[in-house]
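Trainee: Turn this into a structure:
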Amino acid sequence: MRFAQLRQRVVLSMALCAAGTSIHAQQAANHPATTPQAAQPERFEVASVRLSPPEIDSAYVSIADSRLTVKNFTLKFISAIAYGISDTNVLNGPKWFDEQLYQIEAKAPDGPLLTGEQMRPMIQNLLIDRFHMQAHRETQMRSGYALIVAKNGSKLNVAKPIDPNDYKASIYKNRLLFSSSTMKTLAETLARVVGQPIADKTEIKGSYRIDFEFSSLDDTDSGLPSIFTALSEKLGLKLVPDKQVPVEVLIVDAIDRTPTEN
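Mentor: Now for the predicted structure:
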């Protein structure tokens, strides 16, 4: 079974995914009290990187206990995780960049547990060191949606303090679940669900528990409301068309297909 067939049932750690992926995160990126004050390591202590076998039966990305595990994902998708953007906004890579699958096992140096956010620079350096990746960021203006408060006001529930080991950020085919999410994170996640860029224009600060069900764009028989209706009914939020949504993209200037030896 190939990657395209597996993508609808992927388990991905962190609130970073493409449309149709499931996310199961075990550490929160937005809990300052859990963030160590010491300088963060720039590179993994050990890292094994290899090409996936021709036939695969599962695919997932996990970031937990200061470890990164990637099973059968493309470098385009891994780059999206490393730079905190949607893989649809990773541009200009060679054809194999979104076809060849990889497996990665990496461990951060011993010390305080790192969140997914803190490990992003380490994943970036892994791509640079092992694949000689060269890339730069740009901001493009695109048509999409603005996330705003619905007419009758928001129905958001403030998130409770959460142990980072109990944090959940999950995107299933018909459900969003976040133990704690800012509106910016929600907008970024919704963008991956609807396949269009979304700007947070709610002006709502703080973190909130998000949990609601909806029918996926390709499922008209679930009996669930659309993502647009569910947002209004469950959260008191609304998506409206917006022709000027700033989108951060990553332009890949160079990258090797075969990683350097472990």
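
Trainee: mind checking the longest helix of the chain?
Mentor: helix 116-131 (DSSP state H).

Trainee: What is the helix or strand that that helix is followed by packed up against?
Mentor: Next in sequence after helix 116-131, counting helices and strands by DSSP states H and E, comes strand 134-149. On a contact count with 3 or more C-beta pairs under 8 Å, 6 or more residues apart in numbering; DSSP states H and E, strand 134-149 meets helix 75-83, helix 183-194, strand 198-200, strand 237-254. Every C-beta, even on glycine, is put in place using the N, C-alpha and C of the backbone.

Trainee: Quick check: Ala187 vs Val193, distance?
Mentor: Ala187 sits at a distance of 11 Å from Val193 (criterion: C-beta to C-beta, to the nearest Å).

Trainee: of the two, who's got more company?
Mentor: Using other C-beta atoms under 10 Å as the criterion, Ala187 and Val193 rank with Ala187 on top: 23 against 20.

Trainee: That one contacts Ile198, correct?
Mentor: Yes - if you go by C-beta atoms under 8 Å, Ala187 and Ile198 touch, sitting 4.5 Å apart.

Trainee: Can you give the distance of stretch 97-108 from its chain's centre?
Mentor: Relative to the centre of its chain, stretch 97-108 is centred 15 Å away, using C-alpha atoms, centre = their mean, to the nearest Å.

Trainee: in it, what counts as buried?
Mentor: Phe97, Gln100, Leu101, Tyr102, Gln103, Ile104, Glu105, Ala106, Ala108 (16 or more other C-beta atoms under 10 Å).

Trainee: got it, and stretch 111-122?
Mentor: Buried residues in stretch 111-122, counted by 16+ other C-beta under 10 Å: Leu113, Leu114, Thr115, Gly116, Glu117, Gln118, Met119, Arg120, Met122.

Trainee: Could you measure from Lys238 over to Ser232?
Mentor: Between Lys238 and Ser232 the computed distance is 6 Å (C-beta to C-beta).

Trainee: Mind listing the shared neighbours of the two?
Mentor: Common contacts of Lys238 and Ser232, defined by C-beta atoms under 8 Å, 6 or more residues apart in numbering, comprise Ala150.

Trainee: Wait, Leu231 touches Glu213, no?
Mentor: No - using C-beta under 8 Å, Leu231 makes no contact with Glu213, being 11.5 Å away.

Trainee: Compare those two (neighbour count), which wins?
Mentor: Each of Leu231 and Glu213 has its neighbours counted (other C-beta under 10 Å); Leu231 has more, 22 against 15.

Trainee: Quick check: phi and psi on the more buried one?
Mentor: phi -60, psi -40 (degrees, to the nearest 10).

Trainee: Now do the same contact list for it.
Mentor: Counted by C-beta under 8 Å, 6+ apart, Leu231 has contacts Ala150, Leu190, Phe212, Phe214, Leu237, Lys238, Leu239.

Trainee: Residues in contact with the helix or strand hosting the third one: which ones?
Mentor: Mapping Phe212 onto the secondary structure by DSSP H and E places it in strand 208-213. For strand 208-213, contacts defined as C-beta under 8 Å, 6+ apart pick out 156-160, 174-183, 186, 224, 230-231, 234-235.

Trainee: Filter those down to just the buried residues.
Mentor: Neighbour counting over the contacts of strand 208-213 (16+ other C-beta under 10 Å) leaves 156, 159, 176-183, 186, 224, 230-231, 234-235 as the buried ones.

Trainee: Mind checking which of those land in helices?
Mentor: Mapping the buried ones among the contacts of strand 208-213 onto helices (DSSP H) picks out Met183, Leu186, Ala230.

Trainee: May I see the buried residues of stretch 142-155?
Mentor: Buried-residue list, stretch 142-155, by 16+ other C-beta under 10 Å: Gly144, Tyr145, Ala146, Leu147, Ile148, Val149, Ala150, Ser154, Lys155.

Trainee: list the contacts for Met119?
Mentor: Contact analysis of Met119 by C-beta under 8 Å, 6+ apart lists Ile63, Ser66, Leu68, Ala108.

Trainee: any weak-confidence spans in the stretch 51-200 of the chain?
Mentor: Within the stretch 51-200 of the chain, the stretches with pLDDT under 70 are 162-170.
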